[in-house]
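[1] Give me the fold of what follows.
(2 chains)
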Amino acid sequence: MGRRSFLGLGAALTGSLALGAQPATADPAQESPPADAPWSQSIGPGVVDRPYGRPADTEASVIRRNVPWLTAGTESSVSFSPLQELQGIITPNGLFFERHHAGWPSIDPAQHKLMIHGLVERPLLLTMKDILRFPQTTRVHFIECPANGGMNWRAAQMNSLQFSHGMVSCAEWTGVRLSTLLEEVGIKKEAKWAMVEGADGAHMNRSLPLDKCLDDCLVVYAQNGEALRPEQGYPLRLVVPGWEGNVNIKWLRRIKLGEKPWHTREETSKYTDLMPDGTSRGFTWLMDAKSVVTFPCPEKPLDKPGLYEIRGLAWTGNGKVRRVDVSTDGGVNWQAARLHEPILSKALTKFTLPWRWDGQPALVASRVVDETGYVQPTIAQLRAQRGSNSIYHNNSIQTWQVKPDGSVFNVQLA
Amino acid sequence: MFSSRKIGLLLAASLAAACARASAAEPGHFGYGSVATPAQIAGWDIDARGEDGTGLPPGKGTVDRGADVYAEQCAACHGTFGEGESRFPKLVGGVGSLRDERPEPTVGSYWPFAPTLWDYINRAMPMPAPHTLSADDVYALTAYILSLNDLVPNEFVADRNSLPKVKMRNRDNFIWTDPRPDTAAAPCMNACVSAADVRIASTAEGRDLTPRTTGPLDTMQPK
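    Below is the predicted model of the structure:
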């Protein structure tokens, strides 16, 4: 009787505790195939053990996280997506970053209604059932909070990919084009703006130019093929492709057309960009092109010298990513990375570049060029224009410092 | 028998018809939902426009009345005089600070329009019970917060006519057309900077600001 079958027998006799026990001395026969791990010599839970699935227990660290010292409470706050653990362009629904202004409401979809009124021919009140009957559109888009990277405006502060870039996520959205709904109510000639409002406690509202509404906005009820998550606006939200997160009103309950913008608190006191001369920019909706290396990063250091694949994500509110360049020497030299299909408009795009790390200090960074020719700026270029008090729209190049021991730090270059 | 060409033509014709129908969609084309009645609209229509106060409801409120409601419903978070408890927002101060190293944007120093204050308090405050105040009380709170900021005299009465006329300090300092792109760079590939000039200006290493990213959620408060 070989050692392997002996252990198997022992396990069968003494139960699950013995299954987990390691043999005292490493037996080469144990370590190479066909040695079986305990999970290969037992039977697992059956179907519907988890009627709605969830990740493996060993993935428990892969969660949205917040910065407790950043806000007074968690109700008007933000959580960050664990980009360091995500391998694709789609953010799993449970990991999509959150930004609420009054927590997330528990809405009964049977009672939720959308009102469209103002400068329209035929004001309407639509139930969820009504909205589901309209012709469907499905598209993949990123949503990014304009404060993403805000904590690094002044200096490199957050030593983490999750906390420096995790306020961006990307999903496949399904719903009806906003233009379809607006045609259904009939737009009056004088209408130039729309006010969109949520059913949360903040009654969060923003003004949008009518042209954008008619161009590519979606009123969606599904995210990655299933109903929206409550944190993402269940049962109904607006998606405003390529524009700052807060205009993508969640728990959408009202759209009013008017001649002028509303200048709501969320577009005057907040979400305006303070310049060094004391003036502020308002209605800065567009999310400019941005990219970030997701491996290596502070959470995912290097092991020993050798061949690696630098990986990252790029996106732009202007449309498609045209090119991403990667530097490992602090921006002295750059190399074009490989873009991975699908390259979708206003969606996260994945890039990779093979890299042989020689164990020397390195400064790893990526730079995106979008289809309009816009080039992702350095933080120094942004500060030269905007100072460091504008909080929002920091889309600068991110540099990761790799030390000889493989550890990785968030740094900013002069 | 149809030839394949004929089938193609038929398909094209019916597609064209379908497209024409879709693009010429008249209001009510789908006919889903119900036409909103004036009473329904009145119930839902809560917004007031910042610049000119369009949408502000009837009613009014004094600074004194505002002080009472404020003490009861707002002071716990925003401080008795708007100074802000712990990390809750300040509602006063920061006047003249917008060009400073550490600017303090508040109602007094930053907000461009007074009706926006009515609209925001009405829709979002008090934080634990939003949109539960009467229009009069919201007017009174608006008057009180404006007076804390020395924007109106103590005898000020806020209503739909007086609020749009309040001159806010920062009103003319907003640029409402986005000037971006405000950076331009040619994507240089080789010898873009001299290697000797590459210098780390700041690092997050050693700063005690980053919550942990493994294990359970962090509760860190930096010193």
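[2] use CA for all of it now, contacts and neighbours both
    Will do.
[3] Residues contacting the helix or strand containing A:Val324, please?
    Taking DSSP states H and E as the criterion, the element that holds A:Val324 is strand A:321-327. Residues from elsewhere that reach strand A:321-327, judged by Cα atoms under 8 Å, 6 or more residues apart in numbering or on different chains: A:289, A:291, A:314-315, A:333-339, A:343, A:345, A:349, A:351, A:353, A:363-371, A:373.
[4] at 6 Å instead, please
    By Cα atoms under 6 Å, 6 or more residues apart in numbering or on different chains, the list of residues contacting strand A:321-327 from outside reads A:333-337, A:364-371.
[5] Turn those residues into CSV, columns for secondary structure and neighbour count.
    Formatted as CSV, the entries for these read as follows, by DSSP: H, G, I helix; E, B strand; the rest coil; neighbours: other Cα atoms under 10 Å in any protein chain shown:
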residue, secondary structure, neighbour count
A:Asn333, coil, 18
A:Trp334, coil, 22
A:Gln335, strand, 15
A:Ala336, strand, 17
A:Ala337, coil, 22
A:Val364, strand, 23
A:Ala365, strand, 23
A:Ser366, strand, 32
A:Arg367, strand, 29
A:Val368, strand, 28
A:Val369, strand, 25
A:Asp370, strand, 23
A:Glu371, coil, 16
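[6] when you check chain B, which of these turn up near it?
    Cross-checking these against chain B (Cα under 6 Å from any Cα of the partner chain) gives A:Asn333, A:Trp334 as the overlapping residues.
[7] farthest-separated two in the contacts of strand A:321-327?
    Across the contacts of strand A:321-327, the two members that end up farthest from each other (Cα to Cα) are A:Val364 and A:Glu371, 23.7 Å apart.
[8] what about residue 152, how many neighbours?
    Unless you meant another one, I'm taking chain A. By the measure other Cα atoms under 10 Å in any protein chain shown, the count of residues near A:Asn152 is 25.
[9] try chain B instead
    If you count neighbours by other Cα under 10 Å, B:Val152 ends up with 20.
[10] Now it: closest residue in space, sequence neighbours ignored.
    Leaving out its chain neighbours, the residue that sits closest to B:Val152 by Cα to Cα, 6 or more residues apart in numbering or on different chains is B:Leu146, at 6.0 Å.
[11] Where does the one you found fall, secondary structure wise?
    Here B:Leu146, judged by DSSP H and E, is contained in helix B:135-148.
[12] Check whether stretch A:252-272 comes near chain B.
    Yes - for stretch A:252-272 and chain B, the contact criterion (Cα under 6 Å from any Cα) is met by A:Trp262, A:His263, A:Thr264, A:Arg265, A:Ser269.
[13] Dump those into TSV; add pLDDT, secondary structure and neighbour count as well.
    Converted to TSV, these look like this (pLDDT from 0 to 100; DSSP: H, G, I helix; E, B strand; the rest coil; neighbours: other Cα atoms under 10 Å in any protein chain shown):
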residue	pLDDT	secondary structure	neighbour count
A:Trp262	98	coil	25
A:His263	98	coil	24
A:Thr264	98	coil	25
A:Arg265	98	helix	23
A:Ser269	98	coil	21
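[14] Can you pick out the most distant pair from these?
    A:Trp262 and A:Ser269 (12.9 Å).
[15] C-terminal to the helix holding B:Leu146, what's the next element?
    strand B:157-159.
[16] Any chance you could list what contacts that next one?
    If you take Cα under 6 Å, 6+ apart as the criterion, strand B:157-159 is touched by B:Lys60, B:Gly61, B:Thr62, B:Tyr139, B:Ala143.
[17] Partner strands of that strand and their direction?
    strand B:60-62 (antiparallel) (DSSP bridges).
[18] mean confidence score for the partner strand?
    pLDDT averaged over strand B:60-62 equals 98, rounded to a whole number.
[19] Only alpha carbons, please: show the helix or strand just after it as PDB.
    Proceeding N to C from strand B:60-62, the next assigned helix or strand is helix B:63-73, under DSSP H and E. Taking Å, rounded to 0.1, in the frame of the first residue of the first chain, the C-alpha atoms of helix B:63-73 are listed here in PDB:
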ATOM      1  CA  VAL B  63     -34.500  85.200  10.400                       C
ATOM      2  CA  ASP B  64     -35.800  84.800  14.000                       C
ATOM      3  CA  ARG B  65     -38.100  81.900  13.100                       C
ATOM      4  CA  GLY B  66     -35.200  80.400  11.200                       C
ATOM      5  CA  ALA B  67     -32.900  80.500  14.200                       C
ATOM      6  CA  ASP B  68     -35.500  78.500  16.200                       C
ATOM      7  CA  VAL B  69     -35.900  75.800  13.600                       C
ATOM      8  CA  TYR B  70     -32.200  75.700  13.000                       C
ATOM      9  CA  ALA B  71     -31.400  75.100  16.700                       C
ATOM     10  CA  GLU B  72     -33.800  72.200  16.700                       C
ATOM     11  CA  GLN B  73     -33.100  70.600  13.400                       C
END
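[20] Let me know the angle separating helix B:63-73 from helix B:135-148.
    Orientation note: helix B:63-73 sits at an angle of 100 degrees relative to helix B:135-148 (axes from the mean of the first three to the mean of the last three Cα atoms, to 10 degrees).
[21] Check which helices and strands the helix holding B:Leu146 sits against.
    Helices and strands touching helix B:135-148, as assessed by 3 or more Cα pairs under 6 Å, 6 or more residues apart in numbering or on different chains; DSSP states H and E, comprise strand B:60-62, helix B:63-73.
[22] per-residue confidence for residue 76?
    No chain was given, so I picked chain A. A:Ser76 is assigned a pLDDT of 93 by the prediction.
[23] wrong one, I was asking about chain B
    97.
[24] Secondary structure element holding it?
    B:Ala76 belongs to helix B:75-78, assigned by DSSP H and E.
[25] That helix near chain A anywhere?
    No - remark: helix B:75-78 sits outside contact range of chain A, by Cα under 6 Å from any Cα, the gap being at least 9.4 Å.
[26] Can you list the neighbours in contact with that helix?
    When contacts are defined by Cα under 6 Å, 6+ apart, helix B:75-78 is touched by residues B:Gly84, B:Glu85, B:Phe88.
[27] And stretch B:110-121, by the same measure?
    Applying Cα under 6 Å, 6+ apart, the set of residues contacting stretch B:110-121 from outside is A:264-265, A:269, B:48, B:50-51, B:53, B:142, B:163-164, B:168, B:170-171.
[28] Could you do stretch B:179-192 as well?
    Taking Cα under 6 Å, 6+ apart as the rule, stretch B:179-192 contacts A:Val332, A:Asn333, A:Trp334, A:Val375.
[29] residues in contact with A:Ile239?
    Careful, residue A:239 is Val; it's not Ile. Residues touching A:Val239, when contacts are defined by Cα under 6 Å, 6+ apart, comprise A:Cys217, A:Leu218, A:Asn248.
[30] go on, A:Trp315?
    Each residue near A:Trp315 by Cα under 6 Å, 6+ apart is listed here: A:Ala289, A:Lys290, A:Ala347, A:Leu348.
[31] Thank you kindly, that will do.
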